[in-house]
Structures are given as structure tokens and as C-alpha cells.
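Engineer: build me a structure from this.
(chains A, B, C and D)
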Number of protein chains: 2
Amino acid sequence: MYLKREEMKCDCNVIHEEVVSRVRQQMPQEEKLYDLAELFKVFGDSTRIKIIWALFEAEMCVCDIAYLLNMTHSAISHQLRVLKQARLVKRRKEGKVVFYSLDDKHIENIFAQGLDHINE
Amino acid sequence: MYLKREEMKCDCNVIHEEVVSRVRQQMPQEEKLYDLAELFKVFGDSTRIKIIWALFEAEMCVCDIAYLLNMTHSAISHQLRVLKQARLVKRRKEGKVVFYSLDDKHIENIFAQGLDHINE
DNA sequence: TGAATAGTTGAACACACATTCATATAAGCA
DNA sequence: TGCTTATATGAATGTGTGTTCAACTATTCA
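Structural biologist: Residues are numbered from 1 along each chain as shown, chains lettered A, B, ... in the order given. The predicted structure follows:
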């Protein structure tokens, strides 16, 4: 469980062993934390934030979103793919037109808390 | 408010004007959305996620964190600076040792919602 | 004072990633 | 069948960023 001194990248003496040991036991598995970072990485782009926020209000097609944000189809489509892969949006096809909408109930809460932090 | 056709990067015909118009009115100001993306960008790195999670449990010094995550002082220090600038952690100095702790009450909720999304 | 140590910081490097461009697919319509 | 249009996608490009390395500051202690 613990690393030998030779294996440590950190070479200090003031380590509070009891604290570190307790924290280590409380940490979720590495993979969960990695996935969590991946999720937030998706939120960490203003274009995607705008797309998501727009979809809070209404289902929209790629054209609508591109028009709203004054960006190219291509850029929007690429970002929608990222959101799709993160299981944050879903699609509905109607003829040539593809409508996107939100596919997650946690986002709104996450954004609200985020705004609270920013505003205080 | 609306762009002229020549100014549009998007050249399509199926725009649902009423929907876009309604969504446009509901969108927060550009700057807020940008700040929100910046905040989530901070969460979008597994090292920082681990640091934050560790600090949920206990206040720790740079040494402790470096030891816990098996990383160099320097890497941890750089990341703590990012967290500090985002007003997510605060510091307390005791002699040579600097203790870091969380400085935000929203994080725990945001993380919990994030995990919910991942786990479902 | 000077050595040792905790932490910070700037530059460099490698890697990731958002947008653009060109092209491809797929559906409606003439 | 061909033409138009909505969307998707792969490659290229430029920008951003996490870690490392080397130097630096600040504090303790002998």
C-alpha cells in the first residue's frame, strides 16, 4: 500500500502519516476520479457550455445552434459529438434535420452550483 | 440583435426563428458562461480532482499531497496555485509548512452530481 | 551566519484539443 | 436520376496546458 522511500517522487520529512493514511482510505477508486475529470473537461469549454445552456430552454437543430452562437455547422457538430459521447445530449432525426436535446438531469444542478460559486 | 445574412457563419434555411429568439433571451450574459467554463476547466484535470477530494477529508500540506498522489512538490504546487486562483482552496502557513484546505461549499455538491451522472 | 528544507515560480517540452477546411453521407425534391 | 441542403467527419493547424527541471524565496535550527 505504502511506497518505499526510493519509489517516492516526493522527498520531504514533514509528512503527516496519520492524515495521509486516513485520506487515502477515503479516496474513491482512481478510475472514478478520472471519469469525473473527464466529465468536467466536457463542461470546460465555453462553446459547449453555451450549447448546453441553450438546450436547457429548447430542443434545437444544428442549424439553430450554429445560428444562435454564430458559428459554423462543422464546429457545432464536432462539439455535439463530444456532448453525445459524454451522454449529455440525445438526438432525434426528422428528415434531413437532426434535433438535439439534453439527456441528463444532473447538469442543471451542477451549473447552478457553479454559478453560485462564481457569483459569490 | 440579429445578424444580417452576410454576417452569418451559418448558411442554412431551416432556422426555427421563434425558438432561437426565445433561447437567446434566456441565455445568461456571455461573460457568465465564459466564467462557468473556466471554473469547470479547473475541475477537468484528474490531479486537481484528486487534490480536491483529498482536501474534503482533511487539511494537508504540500508534502502530504505530493506523497499521497506520488507526485513532485512542483507539480502539486503548480496545481494548488490554479485551485487558489479559482478561489477553491485557501492556505495557512505554519513555519515552513503551508497547509491547504477547501474554500468553497459548492464543490462537494457539484462532485456528487457529477458522480451521479457517471454512475447511472 | 550558514546549512537544510518546504514551498514557489518561470521556461521548456510534449501532448491535447477547438476550429477550419474539404469532403462525405443522407434525405428531400425536381 | 441528379441537384440541393442538413449534418457528419477526417486531417491540418494553432493555441492552451500539465509536468519537469532548475533556480529561487522563506523559515528553522545549529
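
Engineer: report pLDDT for A:Tyr2.
Structural biologist: Looking at A:Tyr2, its pLDDT stands at 44.

Engineer: swap that for A:Asn13, please
Structural biologist: pLDDT, A:Asn13: 76.

Engineer: the host helix or strand of A:Lys90 near DNA strand D anywhere?
Structural biologist: Element membership for A:Lys90 (DSSP states H and E) is strand A:89-94. Yes: using Cβ under 7 Å from any atom of the strand, strand A:89-94 reaches DNA strand D at A:Arg91. Where C-beta positions appear, they are placed from N, C-alpha and C, glycine not excepted.

Engineer: quick check: buried residues in that strand?
Structural biologist: Neighbour-count burial for strand A:89-94 flags A:Val89 (criterion: 16 or more other Cβ atoms under 10 Å in any protein chain shown).

Engineer: name every strand pairing with that strand and say which way it goes.
Structural biologist: strand A:97-102 (antiparallel) (DSSP bridges).

Engineer: who's in contact with the strand holding A:Lys90?
Structural biologist: For strand A:89-94, the surrounding residues in contact (Cβ atoms under 8 Å, 6 or more residues apart in numbering or on different chains) are A:51-52, A:55, A:59, A:80, A:83-84, A:98-103.

Engineer: give me that answer again for 10 Å
Structural biologist: A:48, A:51-52, A:55, A:59, A:61-62, A:79-84, A:98-104, A:107 (Cβ atoms under 10 Å, 6 or more residues apart in numbering or on different chains).

Engineer: export that strand as CSV, just CAs?
Structural biologist: As requested, the backbone C-alpha atoms of strand A:89-94 are provided in CSV (Å, rounded to 0.1, in the frame of the first residue of the first chain):
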residue,chain,number,x,y,z
VAL,A,89,-27.4,15.1,-25.1
LYS,A,90,-29.5,12.9,-27.3
ARG,A,91,-30.6,13.2,-30.9
ARG,A,92,-33.8,12.9,-32.8
LYS,A,93,-33.9,12.8,-36.6
GLU,A,94,-36.7,14.3,-38.7
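
Engineer: which residues of chain A score low on pLDDT?
Structural biologist: A:1-11 (pLDDT under 70).

Engineer: so which bits of it are right by DNA strand C?
Structural biologist: A:11-14, A:41, A:44-45, A:47, A:71-72, A:74-75, A:78-79, A:82, A:93, A:95-96.

Engineer: buried subset of those, written for PyMOL?
Structural biologist: Selection command for PyMOL covering only the buried members of these, criterion 16+ other Cβ under 10 Å:
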select buried, chain A and resi 41+44+45+47+71+79+82
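
Engineer: the residues of chain A next to DNA strand C in helices, which ones?
Structural biologist: A:41, A:47, A:74-75, A:78-79, A:82 (DSSP state H).

Engineer: looking at those residues, which two lie furthest apart in space?
Structural biologist: A:Lys41 and A:Ser74 (21.1 Å; Cβ to Cβ).
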